[in-house]
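[1] next input, structure requested:
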Amino acid sequence: MNSTTTELYFDATLYEYSDNYDVSAAPCTKEGVKNFGSHFLPTLYSLVFLLGLVGNTLVILVLFKYKRLKSMTDIFLLNLAISDLLFVFSLPFWSYYAADQWVFGDGLCKIISWIYLVGFYSGIFFIMLMSIDRYLAIVHAVLALRARTVTYGIITSLIVWLVAIFASAPELIFNESYKERNYTTCKPRYPDNSTNWRFFFSLQVNILGLIIPSVVMIFCYSMIIKTLLYCRSEKKNKAVRMIFAVMIVFFVFWSPYNIVLFLLSLVDLGVLASCQVSKTLDYAIQVTETLAFFHCFLNPIIYFFMGEKFKKYVKLLFKNWPVPGMLFKRCGLLATFPTESSGSFYTQSTGDQDAL
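    This next block holds a predicted model:
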(Lines give C-alpha, C1' and ligand atoms only; values in the text may rest on other atoms or scores of the structure.)
Protein backbone atom coordinates (compact mmCIF):
# COMPACT_ATOMS: atom_id res chain seq x y z
CA MET A 1 0.00 0.00 0.00
CA ASN A 2 1.29 3.44 -0.93
CA SER A 3 2.01 5.22 2.35
CA THR A 4 0.75 8.57 1.08
CA THR A 5 -2.77 7.19 0.69
CA THR A 6 -3.03 5.67 4.15
CA GLU A 7 -6.38 6.26 5.87
CA LEU A 8 -7.43 7.11 9.40
CA TYR A 9 -10.68 6.81 11.26
CA PHE A 10 -12.89 9.87 11.11
CA ASP A 11 -16.43 9.59 12.43
CA ALA A 12 -16.93 5.96 11.47
CA THR A 13 -15.34 6.53 8.08
CA LEU A 14 -11.70 6.53 7.21
CA TYR A 15 -10.32 10.00 7.16
CA GLU A 16 -8.00 10.00 4.18
CA TYR A 17 -4.59 11.40 4.99
CA SER A 18 -4.17 14.59 3.05
CA ASP A 19 -1.87 14.75 0.06
CA ASN A 20 -2.12 18.53 -0.29
CA TYR A 21 1.49 19.33 0.41
CA ASP A 22 4.06 20.76 -1.98
CA VAL A 23 4.47 18.14 -4.70
CA SER A 24 7.71 19.73 -5.87
CA ALA A 25 9.33 18.87 -2.55
CA ALA A 26 10.51 15.45 -1.44
CA PRO A 27 7.78 12.78 -1.15
CA CYS A 28 5.78 13.02 2.09
CA THR A 29 5.90 9.46 3.36
CA LYS A 30 3.53 8.49 6.16
CA GLU A 31 4.32 4.87 6.84
CA GLY A 32 5.18 5.79 10.42
CA VAL A 33 1.68 7.19 10.94
CA LYS A 34 0.13 3.93 9.76
CA ASN A 35 2.42 1.84 11.96
CA PHE A 36 1.65 4.05 14.95
CA GLY A 37 -2.10 3.61 14.40
CA SER A 38 -1.92 -0.15 13.90
CA HIS A 39 -0.30 -0.57 17.33
CA PHE A 40 -1.92 2.29 19.22
CA LEU A 41 -5.56 2.17 18.11
CA PRO A 42 -6.64 -1.50 18.49
CA THR A 43 -5.69 -1.69 22.17
CA LEU A 44 -7.39 1.56 23.11
CA TYR A 45 -10.48 0.84 21.00
CA SER A 46 -10.82 -2.51 22.78
CA LEU A 47 -10.46 -0.86 26.18
CA VAL A 48 -13.10 1.76 25.37
CA PHE A 49 -15.41 -0.99 24.08
CA LEU A 50 -15.19 -3.01 27.30
CA LEU A 51 -15.52 -0.06 29.68
CA GLY A 52 -18.30 1.55 27.65
CA LEU A 53 -20.22 -1.73 27.40
CA VAL A 54 -20.06 -2.42 31.15
CA GLY A 55 -20.66 1.15 32.33
CA ASN A 56 -23.62 1.94 30.10
CA THR A 57 -25.20 -1.47 30.62
CA LEU A 58 -25.13 -0.72 34.36
CA VAL A 59 -26.88 2.61 33.75
CA ILE A 60 -29.64 0.88 31.77
CA LEU A 61 -30.10 -1.82 34.44
CA VAL A 62 -30.35 0.79 37.20
CA LEU A 63 -32.85 2.88 35.23
CA PHE A 64 -35.14 -0.07 34.51
CA LYS A 65 -34.84 -1.82 37.89
CA TYR A 66 -34.94 1.14 40.29
CA LYS A 67 -35.88 4.34 38.46
CA ARG A 68 -38.62 2.79 36.30
CA LEU A 69 -38.32 5.63 33.75
CA LYS A 70 -40.75 7.95 35.52
CA SER A 71 -39.28 11.29 34.45
CA MET A 72 -37.85 13.16 31.48
CA THR A 73 -34.39 12.92 33.05
CA ASP A 74 -34.60 9.14 33.19
CA ILE A 75 -35.67 9.02 29.52
CA PHE A 76 -32.68 11.15 28.49
CA LEU A 77 -30.27 9.09 30.60
CA LEU A 78 -31.58 5.88 29.04
CA ASN A 79 -31.20 7.26 25.51
CA LEU A 80 -27.71 8.58 26.28
CA ALA A 81 -26.66 5.12 27.47
CA ILE A 82 -28.16 3.53 24.32
CA SER A 83 -26.30 6.08 22.17
CA ASP A 84 -23.02 5.23 23.88
CA LEU A 85 -23.68 1.51 23.41
CA LEU A 86 -24.32 2.05 19.70
CA PHE A 87 -21.09 3.99 19.53
CA VAL A 88 -18.98 1.32 21.26
CA PHE A 89 -20.62 -1.51 19.29
CA SER A 90 -18.73 -0.37 16.18
CA LEU A 91 -15.32 -0.20 17.89
CA PRO A 92 -14.34 -3.90 17.52
CA PHE A 93 -14.74 -3.51 13.75
CA TRP A 94 -12.59 -0.35 13.67
CA SER A 95 -10.08 -2.02 15.98
CA TYR A 96 -9.53 -4.87 13.52
CA TYR A 97 -9.49 -2.43 10.61
CA ALA A 98 -6.77 -0.33 12.26
CA ALA A 99 -4.63 -3.41 12.80
CA ASP A 100 -5.13 -4.94 9.33
CA GLN A 101 -7.68 -3.99 6.66
CA TRP A 102 -11.44 -4.06 6.13
CA VAL A 103 -12.56 -7.69 5.79
CA PHE A 104 -16.27 -7.36 6.65
CA GLY A 105 -17.71 -6.56 3.24
CA ASP A 106 -19.47 -3.60 1.67
CA GLY A 107 -22.76 -4.00 3.56
CA LEU A 108 -21.18 -3.92 7.01
CA CYS A 109 -18.93 -1.06 5.89
CA LYS A 110 -22.03 1.06 5.34
CA ILE A 111 -23.98 -0.17 8.36
CA ILE A 112 -21.16 -0.01 10.93
CA SER A 113 -20.12 3.45 9.72
CA TRP A 114 -23.72 4.61 9.96
CA ILE A 115 -24.29 3.10 13.43
CA TYR A 116 -21.10 4.71 14.67
CA LEU A 117 -22.09 8.17 13.49
CA VAL A 118 -25.68 7.83 14.75
CA GLY A 119 -24.26 6.99 18.18
CA PHE A 120 -21.82 9.89 17.91
CA TYR A 121 -24.45 12.52 17.09
CA SER A 122 -27.23 11.21 19.32
CA GLY A 123 -24.88 10.93 22.32
CA ILE A 124 -23.83 14.58 22.04
CA PHE A 125 -27.43 15.69 21.43
CA PHE A 126 -28.66 13.89 24.56
CA ILE A 127 -25.89 15.49 26.64
CA MET A 128 -27.17 18.82 25.30
CA LEU A 129 -30.77 17.89 26.16
CA MET A 130 -29.74 16.93 29.68
CA SER A 131 -28.22 20.39 30.04
CA ILE A 132 -31.54 21.93 28.99
CA ASP A 133 -33.35 19.58 31.37
CA ARG A 134 -31.16 20.73 34.28
CA TYR A 135 -31.67 24.34 33.24
CA LEU A 136 -35.46 23.96 33.37
CA ALA A 137 -35.36 22.05 36.66
CA ILE A 138 -33.21 24.59 38.49
CA VAL A 139 -33.81 27.95 36.81
CA HIS A 140 -37.50 27.53 35.87
CA ALA A 141 -38.75 25.14 38.56
CA VAL A 142 -42.45 26.03 38.12
CA LEU A 143 -42.35 25.63 34.33
CA ALA A 144 -40.39 22.39 34.81
CA LEU A 145 -43.36 20.78 36.57
CA ARG A 146 -45.31 20.99 33.31
CA ALA A 147 -42.50 20.62 30.77
CA ARG A 148 -40.33 17.86 32.28
CA THR A 149 -42.71 14.95 31.72
CA VAL A 150 -42.16 11.46 30.37
CA THR A 151 -44.31 12.23 27.31
CA TYR A 152 -42.26 15.28 26.34
CA GLY A 153 -39.10 13.30 27.06
CA ILE A 154 -40.13 10.54 24.65
CA ILE A 155 -41.17 13.00 21.93
CA THR A 156 -37.92 14.97 22.25
CA SER A 157 -35.88 11.75 22.20
CA LEU A 158 -37.59 10.59 19.00
CA ILE A 159 -36.78 13.94 17.36
CA VAL A 160 -33.13 13.62 18.41
CA TRP A 161 -32.89 10.12 16.94
CA LEU A 162 -34.41 11.32 13.67
CA VAL A 163 -31.95 14.22 13.45
CA ALA A 164 -29.01 11.90 14.23
CA ILE A 165 -30.17 9.37 11.63
CA PHE A 166 -30.63 12.08 9.00
CA ALA A 167 -27.23 13.66 9.75
CA SER A 168 -25.59 10.22 9.46
CA ALA A 169 -27.30 9.27 6.18
CA PRO A 170 -24.23 10.13 4.03
CA GLU A 171 -22.46 7.15 5.61
CA LEU A 172 -25.01 4.81 4.02
CA ILE A 173 -24.83 6.64 0.71
CA PHE A 174 -21.11 7.25 0.20
CA ASN A 175 -19.24 4.65 2.26
CA GLU A 176 -17.95 1.66 0.32
CA SER A 177 -15.59 -1.24 0.78
CA TYR A 178 -13.22 -1.66 -2.15
CA LYS A 179 -9.67 -2.60 -3.10
CA GLU A 180 -7.12 0.17 -3.36
CA ARG A 181 -3.52 -0.78 -4.15
CA ASN A 182 -4.09 -4.35 -2.87
CA TYR A 183 -5.56 -2.99 0.37
CA THR A 184 -9.27 -3.28 1.22
CA THR A 185 -10.61 -0.02 2.56
CA CYS A 186 -13.90 1.18 4.02
CA LYS A 187 -14.27 4.86 3.31
CA PRO A 188 -16.47 7.34 1.43
CA ARG A 189 -16.37 7.66 -2.34
CA TYR A 190 -17.58 11.18 -3.03
CA PRO A 191 -18.66 12.34 -6.48
CA ASP A 192 -16.76 15.02 -8.38
CA ASN A 193 -14.69 17.20 -6.00
CA SER A 194 -14.01 14.97 -3.00
CA THR A 195 -12.08 17.73 -1.20
CA ASN A 196 -15.18 19.92 -0.99
CA TRP A 197 -17.28 17.00 0.23
CA ARG A 198 -14.76 16.14 2.95
CA PHE A 199 -14.61 19.77 4.05
CA PHE A 200 -18.42 19.95 4.15
CA PHE A 201 -18.75 16.88 6.37
CA SER A 202 -15.91 18.04 8.59
CA LEU A 203 -17.74 21.34 9.02
CA GLN A 204 -20.96 19.46 9.77
CA VAL A 205 -19.27 17.47 12.54
CA ASN A 206 -17.85 20.65 14.07
CA ILE A 207 -21.17 22.51 13.96
CA LEU A 208 -23.43 19.67 15.15
CA GLY A 209 -20.88 17.97 17.39
CA LEU A 210 -19.24 20.94 19.13
CA ILE A 211 -20.39 24.48 18.32
CA ILE A 212 -24.17 24.11 18.84
CA PRO A 213 -23.87 21.87 21.95
CA SER A 214 -21.19 24.17 23.40
CA VAL A 215 -23.34 27.29 23.00
CA VAL A 216 -26.36 25.57 24.55
CA MET A 217 -24.38 24.07 27.45
CA ILE A 218 -22.53 27.31 28.26
CA PHE A 219 -25.81 29.23 28.37
CA CYS A 220 -27.64 26.61 30.45
CA TYR A 221 -24.84 26.07 32.96
CA SER A 222 -24.16 29.79 33.32
CA MET A 223 -27.79 30.39 34.23
CA ILE A 224 -27.82 27.37 36.55
CA ILE A 225 -24.73 28.51 38.44
CA LYS A 226 -26.11 32.05 38.69
CA THR A 227 -29.33 30.67 40.18
CA LEU A 228 -27.61 28.29 42.59
CA LEU A 229 -25.34 31.00 43.98
CA TYR A 230 -28.40 32.73 45.46
CA CYS A 231 -29.35 29.72 47.57
CA ARG A 232 -26.38 28.04 49.21
CA SER A 233 -26.77 24.54 50.64
CA GLU A 234 -24.92 21.26 50.54
CA LYS A 235 -27.27 19.88 47.89
CA LYS A 236 -26.81 23.00 45.79
CA ASN A 237 -23.02 22.74 46.10
CA LYS A 238 -23.19 19.13 44.93
CA ALA A 239 -25.24 20.25 41.96
CA VAL A 240 -22.64 22.88 41.05
CA ARG A 241 -19.83 20.31 41.28
CA MET A 242 -21.78 17.88 39.09
CA ILE A 243 -22.48 20.60 36.53
CA PHE A 244 -18.82 21.56 36.31
CA ALA A 245 -17.78 17.90 36.03
CA VAL A 246 -20.12 17.18 33.10
CA MET A 247 -19.24 20.39 31.27
CA ILE A 248 -15.47 20.12 31.77
CA VAL A 249 -15.39 16.45 30.74
CA PHE A 250 -17.33 17.26 27.58
CA PHE A 251 -15.00 20.09 26.53
CA VAL A 252 -11.75 18.36 27.54
CA PHE A 253 -12.55 15.18 25.62
CA TRP A 254 -14.25 16.57 22.50
CA SER A 255 -12.67 19.97 21.82
CA PRO A 256 -9.15 18.73 20.86
CA TYR A 257 -10.63 16.28 18.34
CA ASN A 258 -12.82 18.92 16.67
CA ILE A 259 -9.94 21.42 16.53
CA VAL A 260 -7.62 18.90 14.86
CA LEU A 261 -10.43 17.88 12.52
CA PHE A 262 -10.84 21.49 11.41
CA LEU A 263 -7.09 21.87 10.87
CA LEU A 264 -7.09 18.71 8.72
CA SER A 265 -9.82 20.32 6.62
CA LEU A 266 -7.45 23.23 6.01
CA VAL A 267 -4.83 20.71 4.85
CA ASP A 268 -7.39 19.27 2.42
CA LEU A 269 -8.05 22.74 1.05
CA GLY A 270 -4.32 23.40 0.67
CA VAL A 271 -4.28 26.23 3.24
CA LEU A 272 -1.78 24.22 5.29
CA ALA A 273 0.61 22.68 2.77
CA SER A 274 3.58 21.53 4.86
CA CYS A 275 4.32 17.81 4.87
CA GLN A 276 5.44 17.97 8.51
CA VAL A 277 2.24 19.74 9.53
CA SER A 278 0.21 17.13 7.65
CA LYS A 279 1.98 14.26 9.40
CA THR A 280 1.72 15.92 12.80
CA LEU A 281 -2.03 16.35 12.35
CA ASP A 282 -2.36 12.73 11.23
CA TYR A 283 -0.81 11.63 14.53
CA ALA A 284 -2.90 14.16 16.43
CA ILE A 285 -6.23 13.01 14.96
CA GLN A 286 -5.54 9.45 16.12
CA VAL A 287 -4.74 10.55 19.67
CA THR A 288 -7.54 13.11 20.03
CA GLU A 289 -10.15 10.85 18.44
CA THR A 290 -9.31 8.06 20.88
CA LEU A 291 -9.47 10.58 23.73
CA ALA A 292 -12.94 11.58 22.53
CA PHE A 293 -13.99 7.92 22.47
CA PHE A 294 -13.23 7.62 26.18
CA HIS A 295 -16.03 10.08 26.88
CA CYS A 296 -18.64 7.39 26.18
CA PHE A 297 -17.95 5.53 29.44
CA LEU A 298 -17.14 8.51 31.67
CA ASN A 299 -20.76 9.46 32.28
CA PRO A 300 -21.47 6.31 34.39
CA ILE A 301 -18.26 6.98 36.37
CA ILE A 302 -19.37 10.55 37.08
CA TYR A 303 -22.79 9.29 38.18
CA PHE A 304 -21.23 6.73 40.54
CA PHE A 305 -18.66 8.91 42.26
CA MET A 306 -20.67 12.16 42.35
CA GLY A 307 -24.25 10.90 42.57
CA GLU A 308 -25.41 9.43 45.87
CA LYS A 309 -28.58 7.81 44.56
CA PHE A 310 -26.92 6.19 41.57
CA LYS A 311 -24.19 4.83 43.83
CA LYS A 312 -26.83 3.34 46.14
CA TYR A 313 -28.65 1.73 43.24
CA VAL A 314 -25.46 0.14 41.89
CA LYS A 315 -24.72 -1.30 45.33
CA LEU A 316 -28.26 -2.66 45.54
CA LEU A 317 -27.92 -4.15 42.09
CA PHE A 318 -24.72 -6.01 43.04
CA LYS A 319 -25.80 -7.00 46.54
CA ASN A 320 -26.95 -10.49 45.53
CA TRP A 321 -24.23 -11.09 42.96
CA PRO A 322 -21.57 -13.31 44.61
CA VAL A 323 -18.29 -11.76 43.42
CA PRO A 324 -19.27 -8.05 43.23
CA GLY A 325 -21.24 -8.36 46.48
CA MET A 326 -18.24 -9.86 48.29
CA LEU A 327 -15.96 -7.09 46.99
CA PHE A 328 -18.41 -4.41 48.08
CA LYS A 329 -18.63 -5.94 51.57
CA ARG A 330 -14.85 -6.15 51.95
CA CYS A 331 -14.53 -2.51 50.94
CA GLY A 332 -17.27 -1.53 53.36
CA LEU A 333 -19.38 -0.17 50.53
CA LEU A 334 -22.38 -2.46 50.73
CA ALA A 335 -25.39 -1.38 52.71
CA THR A 336 -29.13 -1.70 52.37
CA PHE A 337 -30.78 1.36 50.95
CA PRO A 338 -34.49 1.95 50.47
CA THR A 339 -35.62 2.31 46.88
CA GLU A 340 -36.51 5.90 46.15
CA SER A 341 -40.13 6.59 45.36
CA SER A 342 -39.16 9.54 43.22
CA GLY A 343 -38.95 8.76 39.53
CA SER A 344 -36.36 11.37 38.79
CA PHE A 345 -32.73 12.03 39.44
CA TYR A 346 -33.89 15.49 40.45
CA THR A 347 -36.34 16.73 43.04
CA GLN A 348 -39.08 17.97 40.77
CA SER A 349 -40.41 20.62 43.12
CA THR A 350 -37.13 22.32 43.94
CA GLY A 351 -34.89 21.46 41.02
CA ASP A 352 -32.21 20.09 43.36
CA GLN A 353 -29.88 17.69 41.62
CA ASP A 354 -28.77 15.12 44.13
CA ALA A 355 -28.79 11.80 42.38
CA LEU A 356 -26.38 11.85 39.48
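[2] against Phe244, how distant is Leu44?
    In this view, Leu44 and Phe244 are 27 Å apart by CB to CB, to the nearest Å. Yep, even glycine has a C-beta here, placed from its N, CA and C like the rest.
[3] the more surrounded of these two?
    Leu44 (19 against 12; other CB atoms under 10 Å).
[4] any idea of the pLDDT on the more buried one?
    Listed pLDDT for Leu44 reads 88.
[5] low-confidence stretches in the stretch 51-200 of the chain?
    193 (pLDDT under 70).
[6] and with 50 instead?
    Scanning the stretch 51-200 of the chain for pLDDT under 50 picks out nothing.
[7] which stretches of it form helices?
    Applying DSSP state H, counting those that start in this stretch to the stretch 51-200 of the chain gives helices spanning 72-89, 91-99, 105-139, 141-147, 150-167, 169-174, 194-206.
[8] let me have those helices in a markdown table, adding mean neighbour count and distance to Thr288 as columns.
    Below are the helices of the stretch 51-200 of the chain laid out as a markdown table (neighbours: other CB atoms under 10 Å; distance: least, CB to CB, whole Å):
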| stretch | mean neighbour count | distance to Thr288 |
| --- | --- | --- |
| helix 72-89 | 24 | 16 |
| helix 91-99 | 20 | 15 |
| helix 105-139 | 22 | 14 |
| helix 141-147 | 14 | 36 |
| helix 150-167 | 16 | 21 |
| helix 169-174 | 16 | 21 |
| helix 194-206 | 17 | 13 |
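[9] from Leu162, how far off is the residue lying closest to Ile165 once chain neighbours are set aside?
    The shortest distance from Ile165 to any non-neighbouring residue, by CB to CB, 6 or more residues apart in numbering, is to Val118 (5.9 Å). Going from Val118 to Leu162 by CB to CB gives 11 Å.
[10] before we move on, the earlier item: distance to Asn35 for the helices of the stretch 51-200 of the chain - can I get that in JSON lines?
    JSON lines is the format used below for the helices of the stretch 51-200 of the chain (distance: least, CB to CB, whole Å):
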{"stretch": "helix 72-89", "distance to Asn35": "25"}
{"stretch": "helix 91-99", "distance to Asn35": "11"}
{"stretch": "helix 105-139", "distance to Asn35": "23"}
{"stretch": "helix 141-147", "distance to Asn35": "53"}
{"stretch": "helix 150-167", "distance to Asn35": "33"}
{"stretch": "helix 169-174", "distance to Asn35": "27"}
{"stretch": "helix 194-206", "distance to Asn35": "24"}
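[11] and Phe310, which of those helices is closest to it?
    helix 72-89 (9.4 Å; CB to CB).
[12] how far does that closest one sit from the chain's center?
    Relative to the centre of its chain, helix 72-89 is centred 10 Å away, using CA atoms, centre = their mean, to the nearest Å.
[13] so which of the helices of the stretch 51-200 of the chain is nearest Phe250?
    Nearest to Phe250, of all the helices of the stretch 51-200 of the chain, is helix 105-139, at 6.3 Å by CB to CB.
[14] now do the closest one against helix 72-89, angle only.
    Computed by axes from the mean of the first three to the mean of the last three CA atoms, to 10 degrees, the angle separating helix 105-139 from helix 72-89 equals 150 degrees.
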